[in-house]
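A.B. asks: what would the 3D arrangement of this be:
(4 chains)
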Number of protein chains: 2
Amino acid sequence: MRVTIRDVASLAGVSVTTASRALNGEGRMAAETRTRVQDAATTLKYRPNSIAKGLVGGRSFTLGLLTNDTYGRFTLPVAAGLANAVVDRGVSVLLASYQDDPELARINLQSLEDRQVDGLILAGKRIDRAPHAGLLKSGIPTVHVMSACDDDGIGFVPDDDGGARIATQHLLDLGRRRIAHVTGPAAFAAARIRAESYVRTLSDMGAAHWGDPIFGAWSEQHGFDLALQLFDGKPGADAPDAIFCGNDQIARGMIDGLTHLGVGVPDDVAIVGFDNWEIFAAATRPPLTTIDMGLVELGRQAGLCLLDLIDGREVASGLTHTPSRLVIRQSCGALSTDIAV
Amino acid sequence: MRVTIRDVASLAGVSVTTASRALNGEGRMAAETRTRVQDAATTLKYRPNSIAKGLVGGRSFTLGLLTNDTYGRFTLPVAAGLANAVVDRGVSVLLASYQDDPELARINLQSLEDRQVDGLILAGKRIDRAPHAGLLKSGIPTVHVMSACDDDGIGFVPDDDGGARIATQHLLDLGRRRIAHVTGPAAFAAARIRAESYVRTLSDMGAAHWGDPIFGAWSEQHGFDLALQLFDGKPGADAPDAIFCGNDQIARGMIDGLTHLGVGVPDDVAIVGFDNWEIFAAATRPPLTTIDMGLVELGRQAGLCLLDLIDGREVASGLTHTPSRLVIRQSCGALSTDIAV
DNA sequence: CAGATTTGAGATAACGTTTGCGCAATCTGC
DNA sequence: GCAGATTGCGCAAACGTTATCTCAAATCTG
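C.D. replies: Next comes the predicted model:
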């Protein structure tokens, strides 16, 4: 049988009440009593039962993470940051993933409610979709992650704008002046925001952008095709000398395409990606300089914010953009150090 | 305030005891009474409080998933399969990821114990490592996933042997006779098992293997390098006509290398990968035929097994190998259908 | 029709913890 | 040295549920 507070109390020769208060640092009591109880707890390796604690307090010290991110590309870093941010406050995270299946979503949400979760993190995979819109009738404190939310909701999303700015700025700083932008479908807000930021950054710095942003798929193929299209048969002076790619897959395809054409990276063309998806970014030749969206940090912030919300502290509604940072590898020719923003 | 069983009981005009029994389908009682209680519960949208249920029953209806898989490549599919397998038994999954940090592991495990998890899934990323060895002093029912475990432990791992066999067999079935194998470091059991299975399958079928298995890194680079090494300047009749690659990244590099050399895939050389990591397998040109390790199913089995263990049912100790299946795309020239094994 | 058995349902305790209230014992000010 | 404040601690209730025991009424038995 597990050791309960009763055991601690009897070993310390006090009542259960006193034991509870001693361990929680509450109530008035002789310092000697308090340490005696604490020693007893240590001796017995006492650990309070979260369930019982939750029952009386009406809190479960549990957060629910509901996600529709089938693949886990975004959710897992977020979940790791989240869980580790709250674990030392005694809070754990329940994982519930419905694979875009509304019925599964309902069951999972219900299960979380039955479990009296103190708060809910609703995680998506696109910042312009609100996949959880219909679910939110409950009064549970909620934050949104990687998805859209109501005006009075609280959301955490990557700073696409800032990320695109530092990517573009980095290329400018390296002396590039003919900077193109190849990115994903214009239907994605992330693609549009990054493209606008790219345009704005260039004009803010008094530089011209090289053609308009080129929207397409989030795929290697798109990058590869565009490499051929932009560089095949084109005189060097007219072609871009840098390309900011909307994600690492596009960047990967772009580098492959350029290599195929014999265009040097980074000597002839500098490439910046977006996502810092290790498996791609470290595998390109040369290794890819790219933007890290700080998803772990995003999870951490969302978790701490949710705890504040639960504790009744005032939290401003609206979207928080977690800072992105530039991870410098070798595809731009810069010295390799991280620059936080 | 949440509606409790007390509310249901009073609406139905019975005692709390009777209400509990009616809803759980236990005890003797008039059929009319039972339906009356159930109707009351429906009317009030009553949902039992898992916490209270757990407190009295000594069970929390919660499983803990402890993982050191930093990147989430393996853990997330497993977690999804696991959570969805147990959710309709009213069980949820707590996610705890320590990033190879022993201290974090301790804290997380402690947190899971405080929460009275009914069972533990210890997930790793290599089948020949037991990262959780030191942690297991608690008497909580435990299954291991994607990691080694004691002889009297219960583990679930992919069927590397079977996967390698169907991969090799597939190449044989397509008439290939000079089949090479390029894989990861020999230090990985997964690489060794796959290599042995490849050798055995060939000799079982009376075929010779083309050279010895070539160990190296789990990287695209390794695949690319080997493509050059195996095919550069080699007359067609001496070179392999098929290559079974130890994972999708190697396969990716291999295809890139072959394409670079002008060797046709699948016409000149058929390629099979391993992992079915969509992002790679679908991005190669041509799309990659590969082995799917069935990680979602693995998670499902581990979850159901753990529930059996918790319920005191007899469970045989030892390793269970979840079947792998061949996912046919276009890198081997076969018709595109899935073949289960 | 009296006793035995079954049926239906309630009272109460228990799970492990926190918390409001109460009550001695000690301290304080004059 | 005495009223009142303070200190130190325990009693008992509460959280929502299930489980054990009890008991009256209904039904069966011969």
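
A.B. asks: elements contacting whichever strand or helix holds A:Asp308?
C.D. replies: Per DSSP states H and E: A:Asp308 is located in helix A:295-310. Counting contacts by 3 or more C-beta pairs under 8 Å, 6 or more residues apart in numbering or on different chains; DSSP states H and E, helix A:295-310 is packed against helix A:75-86, strand A:119-123, strand A:142-145, strand A:154-158, strand A:318-322. Just so you know, the C-beta spots here come from the backbone N, C-alpha and C atoms, and that holds for glycine as well.

A.B. asks: tell me the domain ranges of chain A?
C.D. replies: A:1-40, A:57-158+A:295-310, A:160-292+A:326-339 (automatic domain parsing).

A.B. asks: neighbours around A:Val56, how many?
C.D. replies: Neighbour count of A:Val56, defined by other C-beta atoms under 10 Å in any protein chain shown: 9.

A.B. asks: for DNA strand C, what is the nearest residue in the stretch 201-341 of chain A?
C.D. replies: A:Asp311 (13.0 Å; C-beta to the nearest atom of the strand).

A.B. asks: any chance of a markdown table for the helices and strands packed on helix A:295-310, columns distance to B:Val93?
C.D. replies: Formatted as a markdown table, the helices and strands packed on helix A:295-310 follow (distance: least, C-beta to C-beta, whole Å):
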| stretch | distance to B:Val93 |
| --- | --- |
| helix A:75-86 | 12 |
| strand A:119-123 | 15 |
| strand A:142-145 | 19 |
| strand A:154-158 | 23 |
| strand A:318-322 | 26 |
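
A.B. asks: nearest to DNA strand D, out of those?
C.D. replies: Checking those against DNA strand D by C-beta to the nearest atom of the strand gives strand A:119-123 as the closest, at 18.4 Å.

A.B. asks: report the central residue of chain A.
C.D. replies: Nearest to the mean C-alpha position of chain A, counting by C-alpha atoms, centre = their mean, stands A:Leu295 at 2.3 Å.

A.B. asks: give me every residue that touches it.
C.D. replies: A:Phe74, A:Pro77, A:Val78, A:Gly81, A:Pro158, A:Thr322 (C-beta atoms under 8 Å, 6 or more residues apart in numbering or on different chains).

A.B. asks: out of these, who's near DNA strand C?
C.D. replies: Among these, no residue lies close to DNA strand C (C-beta under 7 Å from any atom of the strand).

A.B. asks: nearest to DNA strand C among these?
C.D. replies: A:Gly81 (27.6 Å).

A.B. asks: residues contacting the closest one?
C.D. replies: Contacts of A:Gly81 by C-beta under 8 Å, 6+ apart are A:Leu295, A:Val296, A:Glu297, A:Leu298, A:Gly299, A:Arg300, A:Gly303.

A.B. asks: so what's it scoring on pLDDT?
C.D. replies: Looking at A:Gly81, its pLDDT stands at 92.

A.B. asks: for it, which non-adjacent residue is closest in space?
C.D. replies: A:Gly299 (2.9 Å; C-beta to C-beta, 6 or more residues apart in numbering or on different chains).

A.B. asks: and the gap between the one you found and A:His144?
C.D. replies: 13 Å (C-beta to C-beta, to the nearest Å).

A.B. asks: neighbour count: those two, which is higher?
C.D. replies: Legend: neighbour count by other C-beta under 10 Å for A:Gly299 and A:His144, higher for A:Gly299 (31 against 25).

A.B. asks: just to revisit the earlier point, mind putting the domains of chain A into a markdown table with distance to DNA strand D?
C.D. replies: Listed next are these as a markdown table, based on distance: least, C-beta to the nearest atom of the strand, whole Å:
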| stretch | distance to DNA strand D |
| --- | --- |
| domain A:1-40 | 3 |
| domain A:57-158+A:295-310 | 7 |
| domain A:160-292+A:326-339 | 42 |
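
A.B. asks: isn't A:Arg47 up against B:Gln116?
C.D. replies: No. Using C-beta atoms under 8 Å, A:Arg47 is not in contact with B:Gln116, being 10.0 Å away.
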